[in-house]
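1. Any chance you can model this:
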Amino acid sequence: MQTTTIGSQTIPALGIGTWAWGDNLFWTYGKDYGAPEVKSAFDSAVNAGITLFDTAEIYGSGESERLIGQFAKKVKTPLFIATKYFPFPWRMGTAVVEKAIANSLARLQVDCIDLYQIHWPLHFLIPEKTLLQTLANAVKRGQIKNIGVSNYSAPQMRTAQKILADLGIPLVSNQVNYSLLLRKIETNGVLETAQELGIKIIAYSPLAQGLLTGKYRNTNPPKVPANSIPALALRD
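-> Got it, this is the predicted structure:
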């Protein structure tokens, strides 16, 4: 399998997104599938050589992180776990971010998160410098190995990179929606800026949530959401 690097770690360039694992608000966890099916998907991924699992604290209100933490304890293969912080309007400030990190660590049952990402660039809720300073402090405490962002524009990515660089910490990734059906980052400066700054692009929904797999036909139209285990792909 093709490999890539995140920070100093080399991992397969294909990963699994786990939004649907434990989520019954947007997906149908607990109705059409449950923990046994998710565990089977996890085992199949690991057996295929995939080690990157991308989750977030808001996926299933933390259930996705809990499931991954439980499953990861039962395999010998070292995994690369990425999760995200979402600054809800009532979850702002340094203390709240520190608590969010601690809660994710507990649910994932790890001492250090491989990649901690800012889910959306909601700077009007919490200043970017405050948020990144808090994450940088967590890196220095050994709670986070790498810092990334998600859904950042080229200027937003450049600003985040500069703030972290001044703190002596690299911005390693930007996770964006990118597939053959959605190629905006090739023309809006995101891909070019990422390559210039040495920031990895993590593509979520690279198969357009199943639309590019050949699975769906007129006689088998996709449901919305279309796929319960989205993939991820990394690009230099």
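2. Only C-alpha atoms from now on, for both contacts and neighbour counts.
-> OK.
3. Identify the spatial nearest neighbour of Leu79, chain neighbours not counted.
-> In space, and not counting its chain neighbours, Leu79 is closest to Thr51: 4.7 Å by CA to CA, 6 or more residues apart in numbering.
4. Enumerate every residue touching the one you found.
-> Residues near Thr51 by CA atoms under 8 Å, 6 or more residues apart in numbering: Ile11, Pro12, Gly15, Ala45, Thr77, Pro78, Leu79, Phe80.
5. secondary structure element for the first one?
-> Under DSSP states H and E, the secondary-structure element containing Ile11 is strand 9-12.
6. In that strand, which residues are buried?
-> Ile11, Pro12 (16 or more other CA atoms under 10 Å).
7. cool, stretch 196-204 as well?
-> Quick answer for stretch 196-204 (16+ other CA under 10 Å): Ile199, Lys200, Ile201, Ile202, Ala203, Tyr204.
8. What are the phi and psi values at the second one?
-> Read that as Lys200. Main-chain dihedrals, Lys200, degrees, to the nearest 10: phi -80, psi 140.
9. Which neighbours in the sheet does the very next helix or strand once past the strand holding Ile11 have, and how are they oriented?
-> Toward the C-terminal end, the helix or strand that comes next after strand 9-12 (DSSP H and E) is strand 14-17. With DSSP bridges as the test, strand 14-17 is paired with strand 52-54 (parallel), strand 231-235 (antiparallel).
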